[in-house]
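[1] I'll drop the sequence and a predicted model, then ask my questions.
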Amino acid sequence: MEDKMFSKDPRFKVAKREAWIGVGLVVINFLWWFGFAYGLSKGSPTEYTYILGFPAWFVYSCIGGLIIMSILITFVVKVLFKEVPFDEEEQSAEEANKGGL
Amino acid sequence: MSLGILLPLLFFLFIIFFVGMWTNKYVSQSDSFLHEYFLGSRNMGGFILAMTMMATYGSASSFIGGPGVAYSTGLGWVLLSMAQLPAGYFVLMILGKKFAIVARQYHSVTLIDFLKSRYQSELVGLLAALNIIIFLFSSMAAQWVGGARLIESLLDIPYWLALLIFALSVMIYVVVGGFRAVALTDTILGAVMFFGTLILLMATIIAGGGVTNIMEKLVVIDPDLISPFGANGELSPLYVSSYWILVGVGVVGLPQIVVRAMSYKNAKAMHQAIIISTVFVGIIMLGMHLIGVFARAINPNIAVGDTVMPTIAMEVLPPVLAGVVLAAPMAAIISTVNALLIMVSSAVVKDIYLSYINGDAQERRIRKISYTVTAVLGVIVFFMALSPPDFLIWLNLFSFGGLEAAFIWPVILGLYWKKGNRYGAIWSMIVGVSSYILFHTYYPNAFGMHTVVMPVVLSLITFVVASIFTDKKIVYKPLKQVD
C-alpha cells in the first residue's frame, strides 16, 4: 500500500504541483484581502472614501477580492491544471491508445 | 402566517422529497451497495460536485447566525465571512487528484477507510470513527434545532411539531436514497440558496434606497459599523485573520467535505467544480452577510440576531418571494443535515459494524443494516433536538474546530508526506481534539486568535515529531522491496 501511494506515478507529480498551486492561491487571496481591508481603512470611518456607495476598503478587499480570485482560479484551472485518468482501467486504455499511435 | 409564504416552502419540501425518493432506484439496482449508498458510486459531475460541496458547507450559521452577527457588528463581519472563499477551491485543489486516485486504489468509501489503509492501523480508524460520530452528531443536532426553530417561527406552530416536519422531510429520503439522494437534492438546495441570496440582496438594497443611502444611515447609527474593526472595535486584524484557518483552509479537515473529494467522476468534473463552487460560495457568503449589515439601516430595532434574516425578508419582499427566499436558510440547513446524517451512518455501518461486529455480512444484510442505522440515527437526533441547546453557532463551531484539529494533518500529511506514520496520526488526533477542548474551556481565543488555531498548530507539531521519532520502528513491507 505504502509503495503504491508514494510510487513514481506521473499522475502524483501533477497532483502535487496542483496542490502547491492551491496553497499559492490561498496566499495571494489572503494578502489581497488583508492588504486592502486594513491598508485602506486607517483613520476615522467618517473620513473614508467611497466607491459605488461602499467604503473603498470594502470594495477592493471583499468585492474586488471575489472577482479577482474567480478570474485567477478560472485561469489557473483552465491553463495550468491537467486532466489525468483516475481509474487503472482508464489509464491502461489510454496507454494502449498511445502505443497504437 | 400568510399562505403566500407557506406555499413556496411546502412546494420546495415536496420537490426535494421526491427527488430524494427517486434516487432509490439507483440504490436498489446497484451491484455494490456500499459504494452507491455512501458514495454515489463515484459518479458525480462537476456541477453537482460544486453544489453539494457548497451546500454542505453553507449551513444555518451562513444564513441565520452570520447575518445576525453582521447586523450588530457591521462590515467587519462581512470581511470576516470572506475568509470562507478558499473553502470553494482549496479543498479540491489540496486533496485533489492524489486523493481521488488513491481512494480508488484503496477502494475507500469513507474518509476512515482512507486513513485506515494509509496508516495500516485499526486504532487510527477507531479514533477517527469516534471523532466523527461524536462531533458530527452534536453538529447535526444543532442544525436540526436551527431548522425546527425556523419552521416554528415561520409557521407559528409548536416546536415539537416543527421538528417533526423537519425530521420527516429530511430523514426519509436520505434513508432510502443515500449519498446520491443527498448530492442531487443538494444541487436543488444549492440553487435555492444562491437565488434566494440574490433576490433578498437586491430587495434589501432597493428597500434601503440604494447602497449610498444605506451607508449614510449606518454612519449615523454608528460610524464603526462601516469599519473593518467591528462596532465595538472587537474585530482585531489578527482575530479576523485567524478565521482563515477555521472557515477557510481548515475545511480540508471536515469529513463531510473530504468525502466529497473522493466521490467525483473524473478530473474534468473536479476542474469545473473548483470554478463553480468558488463563485457560488463567494457570492452567497458576501451576499448573506451584507444583507445582515443592510438590515440594520432598514430596521434598526431587531433585538435577536437569529431573527434578522427572516424579519427583513418578510419586511422587504412580497409574500410569495419571501417564501422563496426563506426556503434558502431551510435549504442550507437541510443540505448540511442530510450530508451529516449519511456521514455518521457510514461511520457506524462501515467503520464500526463491518469492522468490529460483523465483517462477513452479506450484501442483503449490509443493505438492511445501513437503512436501519441511518433511520435510527435520525430518530436519536430528533429526540436530542427536542430539548435544544441555546447557542447554535457555538455548538456548530465547536464541532467544526474539533474535527479540523483532528483530521487536517492526518489527511494532508498522509497524502503528501511519506514519513508520516500511524503514530503521528494517532497522537495528532488525540492532541488536536483534547487541546481544542482544553483551550475552548480554559483559554478561548488564545493569543487573540480564534480557538482553533493553537490546536491545529499543536497537532501539526505532534504529527511531525511523532512520525520522525518513530520512523525506524515501523517496517512497511513495500519499503523493504525498495531496499
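    Looks like it arrived, so ask away. Numbers count the residues shown, from 1 in each chain, chains lettered A, B, ... in the order given.

[2] for residue 71, give me phi and psi.
    Looking at chain A here, since you left the chain open. phi -70, psi -50 (degrees, to the nearest 10).

[3] should've been chain B
    phi -60, psi -40.

[4] next one: it, what pLDDT does it get?
    pLDDT, B:Tyr71: 96.

[5] and it, what does it touch?
    B:Tyr71 sits next to B:292-293, B:295-296, B:302, B:305, B:308 when contact means C-beta atoms under 8 Å, 6 or more residues apart in numbering or on different chains. C-betas here are computed from N, CA, C, even on glycine.

[6] can I get those residues in a markdown table with pLDDT, neighbour count and distance to B:Pro410?
    Converted to a markdown table, the contacts of B:Tyr71 look like this (pLDDT from 0 to 100; neighbours: other C-beta atoms under 10 Å in any protein chain shown; distance: C-beta to C-beta, whole Å):
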| residue | pLDDT | neighbour count | distance to B:Pro410 |
| --- | --- | --- | --- |
| B:Gly292 | 96 | 29 | 36 |
| B:Val293 | 97 | 26 | 38 |
| B:Ala295 | 97 | 27 | 41 |
| B:Arg296 | 96 | 25 | 43 |
| B:Ile302 | 92 | 21 | 43 |
| B:Gly305 | 86 | 19 | 36 |
| B:Val308 | 92 | 26 | 38 |
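
[7] ok, those vs chain A, which is closest?
    Nearest to chain A among these: B:Val293, at 9.8 Å, using C-beta to the nearest C-beta.

[8] right, and chain A sits closest to which residue of the stretch 1-150 of chain B?
    Proximity of the stretch 1-150 of chain B to chain A (C-beta to the nearest C-beta) peaks at B:Met93, 2.9 Å away.

[9] make CSV from the contacts of B:Tyr71 and add secondary structure and distance to chain A to it.
    Output for these, formatted as CSV (DSSP: H, G, I helix; E, B strand; the rest coil; distance: C-beta to the nearest C-beta, whole Å):
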residue, secondary structure, distance to chain A
B:Gly292, helix, 14
B:Val293, helix, 10
B:Ala295, helix, 16
B:Arg296, helix, 14
B:Ile302, coil, 22
B:Gly305, helix, 21
B:Val308, helix, 19
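
[10] what about the helices in chain A?
    With DSSP state H, the ranges of helices along chain A come out as A:2-5, A:10-39, A:56-58, A:65-75, A:88-100.

[11] which of the ones you listed sits most buried?
    helix A:56-58 (a mean of 23; mean count of other C-beta atoms under 10 Å in any protein chain shown).

[12] got the contact list for stretch A:63-76?
    A:21, A:25, A:28-29, A:32-33, A:36, A:54, B:82, B:85, B:89, B:274-275, B:278-279, B:282-283, B:286.

[13] okay, residue 64: pLDDT?
    Just so you know, I chose chain A. At A:Gly64, the model reports a pLDDT of 97.

[14] look at chain B instead
    88.

[15] am I right that it sits in a strand?
    No - counting by DSSP: H, G, I helix; E, B strand; the rest coil, B:Ile64 falls outside a strand, being helix.

[16] tell me the contacts of it?
    Counted by C-beta under 8 Å, 6+ apart, B:Ile64 has contacts B:146, B:150, B:306, B:309-310, B:329, B:392.

[17] can I get the helices of chain A in JSON lines with distance to B:Ile5?
    Listed next are these as JSON lines, based on distance: least, C-beta to C-beta, whole Å:
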{"stretch": "helix A:2-5", "distance to B:Ile5": "53"}
{"stretch": "helix A:10-39", "distance to B:Ile5": "37"}
{"stretch": "helix A:56-58", "distance to B:Ile5": "32"}
{"stretch": "helix A:65-75", "distance to B:Ile5": "31"}
{"stretch": "helix A:88-100", "distance to B:Ile5": "49"}
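
[18] so where is chain B shaky, pLDDT-wise?
    B:1-2, B:388-397, B:473-483 (pLDDT under 70).

[19] quick one: the strands in it?
    Counting by DSSP state E, chain B has no strands to list.

[20] which helix runs longest in it?
    The single longest helix within chain B, with elements called by DSSP H, is helix B:159-207.

[21] is that helix in proximity to chain A?
    No - contact between helix B:159-207 and chain A is absent, the nearest approach being 9.1 Å (criterion: C-beta under 8 Å from any C-beta of the partner chain).

[22] wait, B:Ile157 sits on B:Ala148?
    No - using C-beta atoms under 8 Å, B:Ile157 makes no contact with B:Ala148, being 10.0 Å away.

[23] okay, the two: which has more neighbours?
    B:Ala148 (25 against 15; other C-beta atoms under 10 Å in any protein chain shown).

[24] what parts of the stretch 251-400 of chain B come near chain A?
    B:266-268, B:271, B:274-275, B:278-279, B:282-283, B:286.

[25] the contacts of B:Ile64 in helices, which ones?
    Per DSSP H, the contacts of B:Ile64 map to helices at B:146, B:150, B:309-310, B:329, B:392.

[26] out of these, which two sit at the greatest distance?
    Using C-beta to C-beta, those span at most 14.2 Å, a distance reached by B:Pro310 and B:Leu392.

[27] pLDDT weak spots in chain A?
    A:1-3, A:88-101.

[28] try 80
    Scanning chain A for pLDDT under 80 picks out the ranges A:1-4, A:87-101.

[29] once you drop chain neighbours, what's closest to B:Glu122?
    Nearest residue to B:Glu122 in three dimensions, chain neighbours excluded: B:Lys116, at 7.0 Å (C-beta to C-beta, 6 or more residues apart in numbering or on different chains).

[30] the one you found: neighbour count?
    That count, for B:Lys116 with other C-beta under 10 Å as the rule, works out to 23.

[31] still on that earlier bit, possible to save the ones in helices among the contacts of B:Ile64 as JSON lines with neighbour count?
    Below are those laid out as JSON lines (neighbours: other C-beta atoms under 10 Å in any protein chain shown):
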{"residue": "B:Gly146", "neighbour count": "30"}
{"residue": "B:Leu150", "neighbour count": "25"}
{"residue": "B:Met309", "neighbour count": "28"}
{"residue": "B:Pro310", "neighbour count": "21"}
{"residue": "B:Pro329", "neighbour count": "28"}
{"residue": "B:Leu392", "neighbour count": "21"}
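
[32] which among those gets closest to B:Gly210?
    B:Met309 (21.0 Å).

[33] name the nearest residue to the closest one, sequence neighbours excluded.
    Per C-beta to C-beta, 6+ apart, closest to B:Met309 is B:Pro67, 4.8 Å.

[34] now B:Gly248
    Nearest residue to B:Gly248 in three dimensions, chain neighbours excluded: B:Pro86, at 4.1 Å (C-beta to C-beta, 6+ apart).

[35] quick one: the one you found and B:Val252 touch, right?
    No - assessed by C-beta under 8 Å, B:Pro86 is found out of contact with B:Val252, at 9.4 Å.

[36] excluding its backbone neighbours, what's nearest B:Gly305?
    B:Gly68 (2.8 Å).

[37] report the contact partners of that neighbour.
    B:292, B:304-309.

[38] tell me which two in these are the farthest apart.
    B:Gly292 and B:Val304 (12.9 Å).

[39] hmm, B:Arg422 is touching B:Lys116, no?
    No - in this structure B:Arg422 lies outside contact range of B:Lys116 using C-beta under 8 Å: 9.7 Å.

[40] where do the contact lists of these two overlap?
    B:Val124.

[41] that older thread, of all the helices of chain A, which one is nearest B:Thr451?
    Judging the helices of chain A by C-beta to C-beta, what sits closest to B:Thr451 is helix A:10-39, at 19.9 Å.

[42] can you list the helices and strands that the closest one packs against?
    helix A:56-58, helix A:65-75, helix B:85-106, helix B:237-243 (3 or more C-beta pairs under 8 Å, 6 or more residues apart in numbering or on different chains; DSSP states H and E).

[43] how far off helix A:65-75 does that helix point, in degrees?
    Angle, helix A:10-39 to helix A:65-75, by axes from the mean of the first three to the mean of the last three C-alpha atoms, to 10 degrees: 160 degrees.

[44] got the angle between helix A:10-39 and helix B:85-106?
    170 degrees.
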